[in-house]
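Participant: Sequence and predicted structure, then a few things I'm wondering about:
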2 protein chains.
Amino acid sequence: MTEEMSARPAARRGPYAKSARRRAEIVSSATSVFAARGYRGGSLREIAKQIDLSLTSVVHHFPTKSALLVAVLERADAASIESFESDTRTKGVASAVLRYVRRNLERPEMLRLLALMAAESSAPDHPAHEWFRDRYERVIAAIAIAVRRDQDEGRISNSRAPRNIAESLVALWDGLQLQWLIDPRRDLVAGVTAALEDLLGIQDALDT
Amino acid sequence: MTEEMSARPAARRGPYAKSARRRAEIVSSATSVFAARGYRGGSLREIAKQIDLSLTSVVHHFPTKSALLVAVLERADAASIESFESDTRTKGVASAVLRYVRRNLERPEMLRLLALMAAESSAPDHPAHEWFRDRYERVIAAIAIAVRRDQDEGRISNSRAPRNIAESLVALWDGLQLQWLIDPRRDLVAGVTAALEDLLGIQDALDT
């Protein structure tokens, strides 16, 4: 523990900190189990076993498997969304996407999990169905706002409805990421750059 | 059985026909089980139970779960690929894609399975890993040829390398299909039409 960390308020230590740490361990274990077996194939028992916990202890923190799934998904997303939105304001949507894509190169397992869960959860009875529907809605709406701003500021030349462009952009992004997960020899950043240039009507997305 | 069908050679009846029918039933059952639980979550036992067969009988036709998965995937793809390739020659790539997308509207469960398996199989140790890598490679190569033809014939104005355009096109297609699976209220055909127009540099893709 660093100087800085130990200087934090006392509430971060003791039982609360221990419980938070335990929850984080469980979420990590669930992330790898769901990534390997899917949500439906993964079991709380295996998630517990992987970190030498009892099933009872896991259930104490996450009463249901779906509560645990939502925690996994929230963690996967939370990290970078804020900086993405701020990037779209200062640098435009193409630059913001490319920066996010570059960061994601370091976490293929998390991307695999998100791709797997998005596909699995498209079945209406899946516990993460609404979470993903809302997530796509939210991301597309946020990108549409950024696209309109770019259009107004003359950063991009495609004049189609921002909402349409945003849907295409998210699709390209998901699809190219999937191709890269399937065959990591592909150059994901170059692929996204070319696709953004064509879709948005810009030149040299990489340099912006 | 129609007149025409019963006029087929005798080899189509008897034990061979029965075995082919049985295999087809098993593949159908496996398709729905894998679509619901993923490959790793689905079991041969459940696949057998769903059609009132013994496990032994399933294993007689498909000795391993991965052999069965390959049969499921081959069936999912086989139906439309030939007519797609012929459409690209006569009508250009945009029209061919739109026709394929329209046909796919009738089989969301199959699309869900393909999306789920593509994500799951991106893990290098998955039994369908190579099948998907090869499939993407094949589809992208075929579309690149069609894109070059469209460029030569002046059907599309995007002059980027056909291979790049093909990768973007497949990504858009996968991504928009996923958005539609997650939220079927979206208009998939309109979304793909707009995306194709922007990506390829054409007008009125729907009318070609």
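Facilitator: That came through fine.

Participant: what residues are up against residue A:38?
Facilitator: Counting by Cβ atoms under 8 Å, 6 or more residues apart in numbering or on different chains, residue A:38 touches A:116-117, A:120, B:37-38, B:40-41, B:116, B:120. C-beta: built from backbone N, CA, C; applies to glycine.

Participant: For stretch A:181-192, measure first residue to last.
Facilitator: 14 Å (Cα to Cα, to the nearest Å).

Participant: what's in contact with that stretch?
Facilitator: A:97-98, A:101-102, A:105, A:108, A:111-112, A:115, A:172-173, A:176-177, A:179-180, A:206, B:118-119, B:121-122, B:129, B:132-133, B:136-137, B:164, B:167-168, B:171.

Participant: Show me where chain A dips below the pLDDT cut-off.
Facilitator: For chain A, the stretches with pLDDT under 70 are A:1-13, A:79-80, A:205-208.

Participant: Break it down into its domains, please.
Facilitator: What automatic domain parsing lists as the domains of chain A is A:1-63, A:66-208.

Participant: re earlier: among the contacts of stretch A:181-192, name the buried ones.
Facilitator: Among the contacts of stretch A:181-192, those classed as buried by 16 or more other Cβ atoms under 10 Å in any protein chain shown are A:97-98, A:101, A:108, A:111-112, A:115, A:172-173, A:176-177, A:179-180, B:118-119, B:121-122, B:129, B:132-133, B:136, B:164, B:167-168, B:171.

Participant: now the closest residue to residue A:70 other than its chain neighbours: how far from residue A:72?
Facilitator: The shortest distance from residue A:70 to any non-neighbouring residue, by Cβ to Cβ, 6 or more residues apart in numbering or on different chains, is to residue A:131 (6.2 Å). Per Cβ to Cβ, to the nearest Å, residue A:131 is found 11 Å from residue A:72.

Participant: and the two? which has more neighbours close in?
Facilitator: Neighbours per residue, other Cβ atoms under 10 Å in any protein chain shown: of residue A:131 and residue A:72, the larger number sits with residue A:72, 28 against 18.

Participant: So which elements touch the helix or strand encompassing that one?
Facilitator: In the assignment (DSSP states H and E), residue A:72 maps to helix A:65-91. For helix A:65-91, the packing partners by 3 or more Cβ pairs under 8 Å, 6 or more residues apart in numbering or on different chains; DSSP states H and E come out as helix A:14-41, helix A:44-50, helix A:93-104, helix A:108-120, helix A:129-152.

Participant: highest average neighbour count across those?
Facilitator: helix A:108-120 (a mean of 22; mean count of other Cβ atoms under 10 Å in any protein chain shown).

Participant: Not counting its own residues, what contacts that helix?
Facilitator: Taking Cβ under 8 Å, 6+ apart as the rule, helix A:108-120 contacts A:31-32, A:34-35, A:38-40, A:69, A:72-73, A:76, A:104, A:126, A:128, A:132, A:174, A:177-178, A:181, A:184, B:38, B:112, B:115-116, B:118-120, B:122-123, B:178, B:181-182.

Participant: Tell me what angle that helix forms with helix B:14-41.
Facilitator: Calculated by axes from the mean of the first three to the mean of the last three Cα atoms, to 10 degrees, helix A:108-120 forms an angle of 130 degrees with helix B:14-41.
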